[in-house]
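Undergrad: the amino acid sequence is not available; the structure is as follows:
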């Protein structure tokens with residue numbers, strides 16, 4: 001199932017499920033309780049929003065060997081974690097704002113894990129029921145700030161620096177090796193696979209849950225393949241993940 005969050009022309013924000021005829025609207029939330037309505041809206045009648053607004057976004061650095069190498073770093077022995085605030089989240093077709101303080105903005109295509117239940121101190125073999133599904137993410141980074149600050153909060157934390165979407169897919173399996181592609185103005189910049197993660201999804205969820213409690217709707221960004229680079233105002237960035245769809249955003253000044 002593909003779960004979307006939409007703003008309809010009646011100014012109602014609600015969850016929906018993707019069907020051949022359009023988007024079936026639901027009452028409630030997939031993270032608590034929800035039920036389908038009889039209303040199916042056309043795509044033209046709804047604006048896709050970020051599929052979730054998490055309480056926190058836990059990110060994993062250097063989780064692909066190629067990316068670690070292109071940045072001149074070694075692969076860590078344990079997952080390297082950092083956080084993005086919820087205010088970084090935007091949805092499909094929304095604009096990424098280029099901060100005036102930065103001269104080097106970069107994209108990072110990533111698979112995002114969406115947590116479905118309260119997750120605390122969970123072992124790897126028990127992770128499955130705690131995941132509601134997966135979506136696409138773009139870990140936007142002010143690369144110059146990342147180099148100079150000594151830690152990544154500012155570089156990763158500007159408003160609009162975490163596009164998510166277009167949908168939460170409940171059926172894909174990262175262990176099968178989902179392709180991850182990023183394009184800038186139609187040109188492929190990254191082409192990788194979730195099979196190349198150093199630490200898999202089960203390992204990451206378990207590891208993080210033994211540090212902090214994950215709540216329904218929280219998101220884990222699982223790292224990016226090699227091929228990251230700079231973008232400029234006016235550029236269009238696409239993140240495509242097999243089985244999930246294409247997340248498209250443009251950069252504004």
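TA: Noted; the coordinates are in hand. None of the values given here were measured: they were computed from a predicted structure. Residues are numbered from 1 along each chain as shown.
Undergrad: which residues in the stretch 1-150 of the chain form helices?
TA: Shown for the stretch 1-150 of the chain, the helices assigned by DSSP state H, counting those that start in this stretch span residues 65-70, 143-149.
Undergrad: need the contact list for residue 84.
TA: 57, 59, 139, 156, 157, 161, 162, 221 (CB atoms under 8 Å, 6 or more residues apart in numbering). All C-beta atoms are positioned from the backbone trio N, CA, C, and that covers glycine.
Undergrad: from residue 88, how far out is the residue lying closest to residue 99 once chain neighbours are set aside?
TA: Among residues not flanking residue 99 along the chain, residue 158 sits closest, at 5.2 Å (CB to CB, 6 or more residues apart in numbering). Counting by CB to CB, to the nearest Å, the separation of residue 158 from residue 88 is 7 Å.
Undergrad: now do the shared contacts for those two.
TA: Common neighbours of residue 158 and residue 88, counting by CB under 8 Å, 6+ apart, are residue 140.
Undergrad: ok, the two, which is more surrounded?
TA: Neighbours were counted for residue 158 and for residue 88 using other CB atoms under 10 Å; residue 158 has more, 23 against 20.
Undergrad: might one say that that one is in contact with residue 98?
TA: No - under the criterion of CB atoms under 8 Å, residue 158 lies out of contact with residue 98, with a separation of 9.2 Å.
Undergrad: lowest confidence element among the helices and strands of this protein?
TA: When the helices and strands of the chain are scored by mean pLDDT, DSSP states H and E, helix 65-70 comes last with a mean of 92.
Undergrad: contacts made by that one with the rest, please.
TA: 62, 74, 75, 192, 196, 198, 223, 224, 225, 226, 227, 228.
Undergrad: for residue 175, what are its contacts?
TA: Residue 175 neighbours (CB under 8 Å, 6+ apart): 194, 195, 200, 201.
Undergrad: where does it land in three-state SS?
TA: The three-state label given to residue 175 by DSSP: H, G, I helix; E, B strand; the rest coil is helix.
Undergrad: returning to that earlier point: quick one: which of the contacts of helix 65-70 is most hemmed in?
TA: residue 224 leads those on contacts (other CB under 10 Å) with 30 neighbours.
Undergrad: how near is that one to residue 128?
TA: As judged by CB to CB, residue 224 and residue 128 stand 24 Å apart.
Undergrad: how long is stretch 105-114 end to end?
TA: This stretch, stretch 105-114, spans 26 Å end to end (CA to CA, to the nearest Å).
Undergrad: give me the number of neighbouring residues for the nearest residue to residue 47 once chain neighbours are set aside.
TA: Counting by CB to CB, 6+ apart, residue 47 lies nearest to residue 7, which is 4.6 Å off, once chain neighbours are set aside. Counted with other CB under 10 Å, the neighbours of residue 7 add up to 14.
Undergrad: got it, and residue 187?
TA: Per other CB under 10 Å, the neighbour tally for residue 187 reads 7.
Undergrad: identify each buried residue in stretch 48-58, please.
TA: Neighbour-count burial for stretch 48-58 flags 48, 49, 50, 51, 52, 54, 56, 57, 58 (criterion: 16 or more other CB atoms under 10 Å).
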